[in-house]
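J.: only the shape, not the letters, is given here:
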Ligand code: BG6
């Protein structure tokens, strides 16, 4: 399907006074506007508290100034923002919103196109979708799309209920489920690296790859999200979505075309081939951790159990490491190791593809074997690719020494999340759902994760807290690889910058 490059739409943001709107959505919309990527548009901010349009516009302006780069056209940009004080359970509130939407549609000539962006507490997602239909907001002459933030349910059952509710008002191809990792530049690069290079794809299988490691570590703790996180933990917060999405992109077969449907169906096949880990096997394949106190940047930080809104005896994991097996022809026998956690040593997301050892090491020395080849994909904070090879050590003799070939993506300052939102917002406006998660992916990843959470929720982990803040997680995460004869490639020594 051809996508409009300069979309026109009325964008309704539910949760417009929240953190996500303030930090990511307003600055991203402004960037699109400043780049001339939006044609005719208007935004309605929807939230509970009462604000005038002017007060709301001022907030938007402040958000862009603080989190983006506001230029002279900022006043013109914010003049297209309107505010509606809303009660999510009250039909009359939706009817008033519908009236405002119609007026703006006529005033700005928006062709009856509507985006409903739900950037708020997930417990209201279903109710809102049902009201949008019932109170006639989805009855439009143009397109209607629902953009929905995570978490999409808490487990498979609740995700099914939610999906059913939103499907009353939107068809699957009108639903854009956000996984902001899919908007990251280097996550999007995985497919290009794999499918646009003759030298990788032939090696991308169990004959040449020994294991793949995906690490996403964070330095922040749970911050003010204790209430949510207590019920979520790292497994639901990071593994069910971001980590499994990266694995699916690494493992998928080449799609026959780069269309949304073809790419999604190849990803779905990876999820279907994921070996279910159940019952007693959970502890062989997965490790959970919870941070204790420790020192970060020379500052003492509290243990998870001492954080706000956290049970002092909490059994919630803030770290997960796991071994995934994809039981298909390409990947049989190749472990995909994943690990993610809060309060770790560094903020870093990296993928390491470790190739198998050469059949015979001509350069063997008792004290030193030749290093395996590695392809490292740096997702954040730096963005790039490093290929670890072996070359001759300069000078006399034939000793081999490791060398690195580097590609550093243009210097992007800091982390690339705002840019991810900008891309995803633009995609939703253009009608390109490729980098959003299809229901089948969501359902399969929940059923994989549910098996693990079921075991963990029913057995209290006596060793918690089992890793110090500022470390790389519990020892058991290292043992997970050691028992297969591998180790985690250190995420700091393979930085692009250090090469
Ligand atoms: C979110 C999680 O989805 O991703 C957060 O809810 C986590 O707990 C965040 O901190 C990490 O995203 P990023 O882009 O900073 O790696």
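T.: Looks like it arrived, so ask away. This one's a predicted model, so the numbers in the text were calculated from it and none came from an experiment.
J.: and the stretch 1-150 of the chain, which residues reach the ligand?
T.: residue 150 (CB under 6 Å from any ligand atom). Bear in mind the C-beta positions are built from the backbone N, C-alpha and C, glycine included.
J.: any low-confidence regions in the stretch 1-150 of the chain?
T.: Scanning the stretch 1-150 of the chain for pLDDT under 70 picks out the ranges 1-2.
J.: so where's the longest helix in this protein?
T.: Criterion DSSP state H: the longest helix present in the chain is helix 439-458.
J.: how far out from the middle of the chain is stretch 328-343?
T.: Put simply, stretch 328-343 sits 17 Å off its chain's centre (CA atoms, centre = their mean, to the nearest Å).
J.: so which residues of the stretch 351-499 of the chain form helices?
T.: Ranges of helices in the stretch 351-499 of the chain, per DSSP state H, counting those that start in this stretch, are 417-430, 439-458, 475-482.
J.: which pLDDT value belongs to the closest residue to residue 409 other than its chain neighbours?
T.: Spatial nearest neighbour of residue 409, chain neighbours left out: residue 383 (3.7 Å); criterion: CB to CB, 6 or more residues apart in numbering. Note for residue 383: predicted pLDDT of 93.
J.: ok, now residue 309?
T.: pLDDT, residue 309: 97.
J.: which ones are touching the closest residue to it other than its chain neighbours?
T.: Counting by CB to CB, 6+ apart, residue 309 lies nearest to residue 226, which is 3.1 Å off, once chain neighbours are set aside. Going by CB atoms under 8 Å, 6 or more residues apart in numbering, residue 226 touches 307-310.
J.: residue nearest the centroid of this protein?
T.: residue 181 (2.9 Å; CA atoms, centre = their mean).
J.: number of residues surrounding the closest residue in space to that residue that isn't next to it in sequence?
T.: In space, residue 181 comes closest to residue 242 once its chain neighbours are excluded; the distance is 4.1 Å by CB to CB, 6+ apart. The local packing of residue 242 (other CB atoms under 10 Å) involves 23 other residues.
J.: and the closest residue to residue 52 other than its chain neighbours, helix, strand or coil?
T.: With CB to CB, 6+ apart as the criterion, residue 52 has its nearest non-adjacent residue at 6.9 Å, and that residue is residue 83. Following DSSP: H, G, I helix; E, B strand; the rest coil, we place residue 83 in the strand state.
J.: tell me how far residue 167 lies from residue 126.
T.: 10 Å (CB to CB, to the nearest Å).
J.: looking at those two, which is more packed in?
T.: Higher neighbour count among residue 167 and residue 126: residue 126, with 19 against 15, using other CB under 10 Å.
J.: how near is that one to residue 437?
T.: From residue 126 to residue 437 the distance is 17 Å (CB to CB).
J.: same check on residue 430?
T.: Taking CB to CB, one finds residue 430 at 17 Å from residue 437.
J.: looking at these two, which has the bigger crowd around it?
T.: Neighbour comparison, residue 430 and residue 437: the larger count goes to residue 437, with 24 against 17 (by other CB under 10 Å).
J.: separation between the more buried one and the ligand?
T.: Between residue 437 and the ligand the distance is 12 Å, computed by CB to the nearest ligand atom, to the nearest Å.
J.: residues contacting that residue?
T.: 152, 177, 179, 182, 241, 245.
J.: okay, the residue nearest to residue 309: pLDDT?
T.: Reported pLDDT for residue 226: 95.
J.: what's the first-to-last distance across stretch 28-39?
T.: Distance between the two ends of stretch 28-39: 15 Å, counting by CA to CA, to the nearest Å.
J.: pull out the buried residues from it.
T.: 28-34, 37-39 (16 or more other CB atoms under 10 Å).
J.: do the same with stretch 443-454
T.: Buried-residue list, stretch 443-454, by 16+ other CB under 10 Å: 443-446, 448-453.
J.: just curious, which of those residues is nearest to residue 421?
T.: residue 445 (21.6 Å; CB to CB).
J.: list of residues touching stretch 206-214?
T.: If you take CB under 8 Å, 6+ apart as the criterion, stretch 206-214 is touched by 203, 243, 246-247, 250, 330-339, 350-357, 372, 481, 484, 486, 488-489.
J.: can you pull the contacts of the residue in the chain sticking out farthest from the centre?
T.: Ranked by distance from the centre of the chain (CA atoms, centre = their mean), the top residue is residue 396, with 48.9 Å. Contacts for residue 396 (CB under 8 Å, 6+ apart) come out as none.
J.: where's residue 321, which helix or strand?
T.: strand 319-325 (DSSP states H and E).
J.: could you point out which element follows that strand?
T.: Assigned by DSSP H and E, the successor of strand 319-325 is strand 335-341.
J.: the spatially closest residue to residue 109 that is not a sequence neighbour: neighbour count?
T.: Nearest residue to residue 109, sequence neighbours excluded (CB to CB, 6+ apart): residue 40, at 5.6 Å. Residue 40 has 15 neighbours, counted by other CB under 10 Å.
J.: re the thing from before, sort out for me which of the buried residues of stretch 28-39 are in helices.
T.: Reading helices off those with DSSP H, I get 28-34.
J.: what parts of the stretch 201-350 of the chain come near the ligand?
T.: So the stretch 201-350 of the chain meets the ligand at 218, 237, 349 (CB under 6 Å from any ligand atom).
J.: that older thread, the residue nearest to residue 181: what secondary structure?
T.: Under three-state DSSP, the three-state class of residue 242 is helix.
J.: ok, it touching residue 183?
T.: No. Using CB atoms under 8 Å, residue 242 makes no contact with residue 183, being 11.0 Å away.
J.: identify the contacts common to those two.
T.: Common neighbours of residue 242 and residue 183 are not found (criterion: CB under 8 Å, 6+ apart).
J.: so what's the residue nearest to residue 159 when sequence neighbours are not counted up against?
T.: The shortest distance from residue 159 to any non-neighbouring residue, by CB to CB, 6+ apart, is to residue 153 (2.8 Å). Counting by CB under 8 Å, 6+ apart, residue 153 touches 122, 159-163, 442, 446.
J.: quick one: which of the helices of the stretch 351-499 of the chain is nearest residue 99?
T.: Among those, if distance is taken as CB to CB, the winner is helix 417-430, at 23.4 Å.
J.: what's in contact with that closest one?
T.: In contact with helix 417-430 (CB under 8 Å, 6+ apart) are residues 3-5, 7, 9, 11, 23-25, 27-29, 31-32, 37-38, 67-68, 115, 117, 145, 147, 176, 178, 180-185, 188, 412, 433-436.
J.: among those residues, which ones are buried?
T.: Neighbour counting by 16+ other CB under 10 Å classes 7, 9, 11, 23-25, 27-29, 31-32, 37-38, 67-68, 115, 117, 145, 147, 176, 178, 180-185, 188, 433-436 among the contacts of helix 417-430 as buried.
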